[in-house]
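[1] sequence unknown, structure follows:
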């Protein structure tokens, strides 16, 4: 403190600058209105910054989750003349139904994740238009998230006629 006044500790152990009073006693220098105003502006900024960090962390934990629980659910594929419903269960089993003109096919099998967004279905998976399979009959796909992680899709293949199954988010 360069103002020449003696600093002392108050009853809480905080250093305060003291002023000599009329009777010679020392009294604490009151905080200026500017200091109080600065504190009133800093506190909301700090709280807002901490709140933003917490919000981003919560969003990231949700958006980066490609676990079996996040990927499981009901997916739909709709293309002219072909409609498929795919139900992925957390226990790594799936049920599938495809409706084509004059025919309905049903299948059950297993699925597993590979890497961050990869997904592989067993050879029981019923292929729709635009899908290819491995030589062993398994089908590869990729889980993709859109809208900041809020919408999941499973994409099969890289070509223009790629089959895309969209997850039903609200069921």
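    Arrived safely. Owing to the predicted nature of the structure, the values given are computational and were not obtained by experimental measurement. Numbering: from 1, shown residues only.
[2] and the strands in the protein?
    7-9, 15-20, 26-28, 73-79, 82-88, 93-100, 103-114, 118-121, 139-146, 151-156, 163-167 (DSSP state E).
[3] looking at these, which is nearest to residue 45?
    The minimum distance between residue 45 and the strands of the chain falls on strand 15-20, with 25.3 Å, by Cβ to Cβ. Quick note: C-beta positions are derived from backbone N, CA and C, even for glycine.
[4] from the chain's centroid, how far away is the biggest helix by length in the chain?
    Secondary structure of the chain per DSSP state H: the longest helix is helix 33-63. Distance, stretch centre to chain centre, for helix 33-63: 20 Å (Cα atoms, centre = their mean, to the nearest Å).
[5] by contact count, what packs against it?
    The criterion is 3 or more Cβ pairs under 8 Å, 6 or more residues apart in numbering; DSSP states H and E, and there are no helices or strands that helix 33-63 contacts.
[6] what's the angle between it and strand 139-146?
    On the basis of axes from the mean of the first three to the mean of the last three Cα atoms, to 10 degrees, helix 33-63 is oriented at 160 degrees to strand 139-146.
[7] average pLDDT across helix 33-63?
    Mean pLDDT, helix 33-63: 80.
[8] columns mean neighbour count, mean pLDDT and distance to residue 35 on top of the strands of the chain, output as JSON lines?
    Conversion of the strands of the chain to JSON lines gives the following (neighbours: other Cβ atoms under 10 Å; pLDDT from 0 to 100; distance: least, Cβ to Cβ, whole Å):
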{"stretch": "strand 7-9", "mean neighbour count": "11", "mean pLDDT": "57", "distance to residue 35": "16"}
{"stretch": "strand 15-20", "mean neighbour count": "14", "mean pLDDT": "62", "distance to residue 35": "12"}
{"stretch": "strand 26-28", "mean neighbour count": "13", "mean pLDDT": "67", "distance to residue 35": "13"}
{"stretch": "strand 73-79", "mean neighbour count": "16", "mean pLDDT": "92", "distance to residue 35": "55"}
{"stretch": "strand 82-88", "mean neighbour count": "18", "mean pLDDT": "94", "distance to residue 35": "59"}
{"stretch": "strand 93-100", "mean neighbour count": "16", "mean pLDDT": "95", "distance to residue 35": "64"}
{"stretch": "strand 103-114", "mean neighbour count": "13", "mean pLDDT": "94", "distance to residue 35": "56"}
{"stretch": "strand 118-121", "mean neighbour count": "18", "mean pLDDT": "92", "distance to residue 35": "57"}
{"stretch": "strand 139-146", "mean neighbour count": "17", "mean pLDDT": "86", "distance to residue 35": "48"}
{"stretch": "strand 151-156", "mean neighbour count": "18", "mean pLDDT": "86", "distance to residue 35": "49"}
{"stretch": "strand 163-167", "mean neighbour count": "19", "mean pLDDT": "88", "distance to residue 35": "54"}
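[9] having no further points to raise, I will conclude here.
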